[in-house]
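1. Make a model of this:
(2 chains)
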Amino acid sequence: MPVPVATAGKLLDVRCPSPGASTTTEEQHVARVVVEVMPKAEILDPQGQAITGALSRLGFAGVTDVRQGKRFELEVDGSVGDEELEKIAESLLANTVIEDWAIRRIDGDA
Amino acid sequence: MSARIGVITFPGTLDDVDASRAVKLAGGEAVSLWHGDADLKNVDAVIVPGGFSYGDYLRCGAIARFSPVMGKVVEAAQKGMPVLGICNGFQVLCEAGLLPGALTRNAGLHFVCRDEWLKVESNTTAWTSRYEAGAEILIPLKSGEGRYQASEKVLDELEGEGRVVFRFAGDNPNGSQRGIAGISSANGRVVGLMPHPEHATEALTGPSDDGLGMFYSVLDAVVNA
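-> Coordinates of the predicted model:
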């Protein structure tokens, strides 16, 4: 699979299901996958700026910057591999023109 | 026979009726296209109108981009069919990869709803041939995520290739990079802009009839094709 941009996402803390697990339903791992999507560092984030301003008005003087992103939680069975997750993140969950993404697997039954 | 101009309706589209009306005022035949049908009904050009397709869920235009009708639009655009994306339609065309860049939240976070003077920077596209280059036209803008954003490299390419089609002539209303209000594809057949030409087609209902030029232009483009 071609990775179109140098800033393509990172795959963190990956724990792959065993290859045999995808053949029978009973033995399929149901895993939770967290995909985090953040505006790229160089992209203006007016929502984050508004939050920074609000915090300062509320008296939280030490917060110098906030950036706002999104967190997706996916329940996936053992047939969904890392490559497919990367495809999901970069084709739909994130717009790679303006956003970076990161994937983390949290095994439900591990 | 008059040219057939398709107007797409997604769930959440608002401006399909005005877009169809603008096509008719210019002398074309407006053809309704449904998001769920992979069928362009033999139209000569397509308008992706404004609104909040799929409730703007995920990102503006992100879901609409994968609708059956958009598959056909991308195919047709690659063969040279004129496509105009207005507001949410512009966002859909960027998400679909027909136009570079993305539309992001307005700087200052305000939803901006007011008439804007636009400078026509290019009259060599399928949608702007009826304008004089450098003309200033008055068109309503109504968007919360209309700030055009692309990498410096892409912005330089757009400027260098004359693909910045419209620029805000007055103050920049949303922080759009380089004051960009609309851009085109490399071949000038696909145009996207945030302001709404379909709301500026007659003095009774709009601030001007300056928007009609886009609909006249595309009729020229498809008749001459």
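
2. Can you give me the neighbour number for the residue lying closest to residue B:97 once chain neighbours are set aside?
-> Computed as Cβ to Cβ, 6 or more residues apart in numbering or on different chains, the closest residue to residue B:97 that is not its neighbour in sequence is residue B:74, at 7.6 Å. Glycine gets a C-beta too; all of them are placed from N, C-alpha and C. Look at residue B:74: counted by other Cβ atoms under 10 Å in any protein chain shown, it has 16 neighbours.

3. In chain B, what residue lies closest to chain A?
-> Nearest residue of chain B to chain A, counting by Cβ to the nearest Cβ: residue B:102, 4.5 Å away.

4. Now do the helices in the chain.
-> You didn't pick a chain, so chain A it is. Here chain A has its helices, by DSSP state H, at A:46-57, A:82-88.

5. um, chain B though
-> Going by DSSP H, chain B shows helices at B:16-25, B:68-78, B:88-95, B:152-160, B:212-223.

6. Can you tell me which of those helices is packed in deepest?
-> Per residue and on average, the most neighbours among the helices of chain B fall to helix B:88-95, with a mean of 29 (mean count of other Cβ atoms under 10 Å in any protein chain shown).

7. so that helix versus helix B:16-25, what angle?
-> Interaxial angle, helix B:88-95 versus helix B:16-25 (axes from the mean of the first three to the mean of the last three Cα atoms, to 10 degrees): 100 degrees.

8. and helix B:88-95, how far from the chain's centre?
-> 8 Å (Cα atoms, centre = their mean, to the nearest Å).

9. what's the model's confidence in that helix, averaged?
-> Averaged across helix B:88-95, the pLDDT comes to 98.

10. May I see the helices of chain B organised as JSON lines, with distance to residue A:41 added?
-> Output for these, formatted as JSON lines (distance: least, Cβ to Cβ, whole Å):
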{"stretch": "helix B:16-25", "distance to residue A:41": "38"}
{"stretch": "helix B:68-78", "distance to residue A:41": "31"}
{"stretch": "helix B:88-95", "distance to residue A:41": "21"}
{"stretch": "helix B:152-160", "distance to residue A:41": "14"}
{"stretch": "helix B:212-223", "distance to residue A:41": "37"}
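
11. so which of these comes closest to residue A:73?
-> helix B:88-95 (22.8 Å; Cβ to Cβ).

12. Give me the angle between the closest one and helix B:68-78.
-> Using the same axes, to 10 degrees: helix B:88-95 against helix B:68-78 is 70 degrees.
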